[in-house]
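A.B. asks: could you work out the structure for the sequence below:
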Amino acid sequence: MFQSAGKAGATDTPPLHLPVGSWTCDGHFANGAPISAIASFALAADGAAVTSTYDDVPPGKYHAVGLFGKTKKGEPIEYVIDAFSGTRSFHGAPMPNGSNGIAYANDDGTDRFEYDFHPDSTFDIRYSVTKAGSGIWSTPCIAGKNSSAP
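C.D. replies: Got it, this is the predicted structure:
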């Protein structure tokens, strides 16, 4: 199920659309290595925000919590906290390919999260990081199936 988080403001920024529920995720890194995780999203702050958790299934070791919301100007923002990189902030924009997704990039554009949602209650998570000076993105993809869907 998809729900809209965030209240309509006085800007032209589209509403923040994020899934609500829990997903089992299986995918691979750019080098072909497998990855599995559980990703969960919940409405918070009377619908003004979405909280998230992301936990790799062993032997994976990545665990993160996230907070999605909007700035006072109505711009989408994501905060990610994890043991590897600490607290990071990412500014969001609709995906350029016309999909039902949103992309969040850090201020210098070297880190990027993409969430691409599909009508069948699945979605893709892509995390990309540019290598210093190369402009090459390393992109693991995870396709999630909503485990809270009927």
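
A.B. asks: number of nearby residues for the residue nearest to residue 60 when sequence neighbours are not counted?
C.D. replies: Leaving out its chain neighbours, the residue that sits closest to residue 60 by CB to CB, 6 or more residues apart in numbering is residue 35, at 5.9 Å. Placement of C-beta: from N, CA and C, glycine included. Per other CB atoms under 10 Å, the neighbour tally for residue 35 reads 18.

A.B. asks: kindly confirm my reading that residue 35 is in a strand.
C.D. replies: Yes: under DSSP: H, G, I helix; E, B strand; the rest coil, residue 35 sits within a strand.

A.B. asks: who's in contact with the residue minimising distance to the centre of the chain?
C.D. replies: By CA atoms, centre = their mean, the chain has its centre lying nearest to residue 115, at 4.6 Å. Neighbouring residues of residue 115 by CB atoms under 8 Å, 6 or more residues apart in numbering: 18, 101-104, 123-125.

A.B. asks: re the thing from before, quick check, the residue nearest to residue 60 in contact with residue 58.
C.D. replies: No: taking contacts as CB atoms under 8 Å, residue 35 lies outside contact range of residue 58: 11.4 Å.

A.B. asks: quick one: least confident helix or strand in the protein?
C.D. replies: strand 2-5 (a mean of 39; mean pLDDT, DSSP states H and E).

A.B. asks: mind checking the SS state of residue 46?
C.D. replies: Going by three-state DSSP: residue 46 is helix.

A.B. asks: from residue 111, how far out is residue 69?
C.D. replies: 19 Å (CB to CB, to the nearest Å).

A.B. asks: meant to ask about residue 49
C.D. replies: 21 Å.

A.B. asks: the nearest residue to residue 67 once chain neighbours are set aside bridge partners, please.
C.D. replies: Counting by CB to CB, 6+ apart, residue 67 lies nearest to residue 79, which is 4.6 Å off, once chain neighbours are set aside. Bridge pairing for residue 79 (DSSP bridges) gives the partners residue 67, residue 89.
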